[in-house]
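Novice: here you go, sequence then predicted model.
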Amino acid sequence: MPAPVVVIGAGVIGLTTAVRLAEAGRDVRVDAELLPADTTSAAAGASWDPYLAEPVHLVERWSRETLRVLLELGTDARTGVRLVEGTHESRVPRDMPAWAPWVDARPCDPGVLRPGYAEGWRYRAPVVDMPTYLAYLVDRLTAAGGRLRRHRHSSLQEALGEAPVIVNCTGTGSRALAEDPSVEAVRGQLVVVENPGIGTFFCDDTPDAEELTYIYPQSDVVVLGGTSDWGSWDLRPDPAAAQDILRRCVEVEPSLAGAPVVGHRVGLRPVRPEVRLEAEHRDATLLLHNYGHGGAGLTLSWGCAAEAADLLRAAE
């Protein structure tokens, strides 16, 4: 029988990894200080978009694998994944990103660009209601025999006695838990409003833009963003930032003017020079790290989970 596994962390990386291992026949338990609905993943926009993660060649591979899975999940309304048409637009001329062919992106005609934008491309991509999606992953984990326990591990050393295999998926928590000072928090804030009838997404993709602006429709609500505050660990919504998000999004999509605000979300993106996906042996325990996915946790999740499973098999 494969060795039992404890996954630490119940965000999208931890849950996806746990599902991948449980469905491969492993005895899996997820230990998490924060339950899924309280994680940064639950606060995400979110859409498939390789953003703020390195190294490029691995991010490409992991992103493509995750895109394949999300496209399949987008056919089932219970998952919270929907396939939505939309645009990325830039205020200055620029090339389309390397991933554009994967989603059959095509250049926008100049006449359909938003005011102030010089270039853009249109494509269809997964847009995800993250609270619904995380609940789906928990259900899938449970169906495969996995368990979820609310528990805080004070250190990796303390966690090593929990199982023969430990998988660290703690995101920004790895700065302390894994004693990794290269992990930085990049704070993101969103505003959720009632949907006035928007059916397409929008993302400002201007190179080196000082602000993030995006609009993701999720059925009866629209998620508006955003911020990218390096080094901020503050999880309290900033009213001034919320007003600025609303102003920018209304400029792009005037139909949002006056849309009732139904919520605010704040999360901490776990940014690192490179995603850490590697195995090491600590005494009699196999320790696998899977963290540092920046703003692309959803986008890399299934690709990284598959590679984590491969690493685990190779290291045992």
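Specialist: In hand now; what should we look at? Numbering: from 1, shown residues only.
Novice: worst-scoring helix or strand of the chain, pLDDT-wise?
Specialist: helix 156-159 (a mean of 91; mean pLDDT, DSSP states H and E).
Novice: flag every buried residue along it.
Specialist: 156, 159 (16 or more other Cβ atoms under 10 Å). Glycine gets a C-beta too; all of them are placed from N, C-alpha and C.
Novice: contact partners of that helix?
Specialist: 6, 8, 31, 153, 166, 168, 177-178, 282, 287 (Cβ atoms under 8 Å, 6 or more residues apart in numbering).
Novice: what is the subsequent helix or strand relative to it?
Specialist: Elements were assigned by DSSP states H and E; along the chain past helix 156-159, the next helix or strand is strand 165-168.
Novice: now that following strand, how far from the chain's geometric center?
Specialist: Distance of strand 165-168 from the chain centroid (Cα atoms, centre = their mean, to the nearest Å) equals 20 Å.
Novice: ok, that strand: who's next to it in the sheet?
Specialist: If you go by DSSP bridges, strand 165-168 pairs up with strand 5-8 (parallel), strand 285-291 (parallel).
Novice: which one, of those, ends up nearest to Asp234?
Specialist: For Asp234, the closest of the strands paired with strand 165-168 is strand 285-291, at 20.8 Å, according to Cβ to Cβ.
Novice: sort out which residues of the next helix-or-strand element following the closest one are buried, please.
Specialist: Moving toward the C-terminus from strand 285-291, the next helix or strand (DSSP H and E) is helix 297-315. Neighbour counts using 16+ other Cβ under 10 Å place 297-309, 311-312 of helix 297-315 among the buried residues.
Novice: stretch 247-265 now?
Specialist: Quick answer for stretch 247-265 (16+ other Cβ under 10 Å): 248-250, 252-253, 256, 259, 264-265.
Novice: quick revisit: closest to Pro2 out of the buried residues of helix 297-315?
Specialist: Leu312 (8.6 Å).
Novice: just the buried members of the contacts of helix 156-159?
Specialist: Buried among those by 16+ other Cβ under 10 Å: 6, 8, 31, 153, 166, 168, 177-178, 287.
Novice: please, where are all the helices along the chain?
Specialist: 12-23, 40-43, 56-73, 130-143, 156-159, 174-177, 239-252, 297-315 (DSSP state H).
Novice: give the rounded mean pLDDT of the first one.
Specialist: Okay, so that is helix 12-23. For helix 12-23, mean pLDDT rounds to 98.
Novice: what's the answer for the last one, then?
Specialist: Helix 297-315 shows a mean pLDDT of 97 in the predicted model.
Novice: with just CA atoms, put that helix into PDB.
Specialist: Provided in PDB are the C-alpha atoms of helix 297-315 (Å, rounded to 0.1, in the frame of the first residue of the first chain):
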ATOM      1  CA  GLY A 297      -2.200  29.400  -7.900                       C
ATOM      2  CA  LEU A 298      -5.400  28.400  -9.800                       C
ATOM      3  CA  THR A 299      -3.600  28.500 -13.100                       C
ATOM      4  CA  LEU A 300      -0.800  26.200 -12.000                       C
ATOM      5  CA  SER A 301      -2.700  24.000  -9.600                       C
ATOM      6  CA  TRP A 302      -3.400  20.800 -11.600                       C
ATOM      7  CA  GLY A 303       0.000  20.900 -13.400                       C
ATOM      8  CA  CYS A 304       1.800  21.200 -10.100                       C
ATOM      9  CA  ALA A 305      -0.400  18.500  -8.500                       C
ATOM     10  CA  ALA A 306       0.500  16.100 -11.200                       C
ATOM     11  CA  GLU A 307       4.200  16.800 -10.900                       C
ATOM     12  CA  ALA A 308       4.000  16.500  -7.100                       C
ATOM     13  CA  ALA A 309       2.500  13.100  -7.500                       C
ATOM     14  CA  ASP A 310       5.300  12.100  -9.900                       C
ATOM     15  CA  LEU A 311       8.000  13.500  -7.500                       C
ATOM     16  CA  LEU A 312       6.500  11.500  -4.700                       C
ATOM     17  CA  ARG A 313       6.500   8.200  -6.600                       C
ATOM     18  CA  ALA A 314      10.100   8.800  -7.700                       C
ATOM     19  CA  ALA A 315      11.300   9.700  -4.200                       C
END
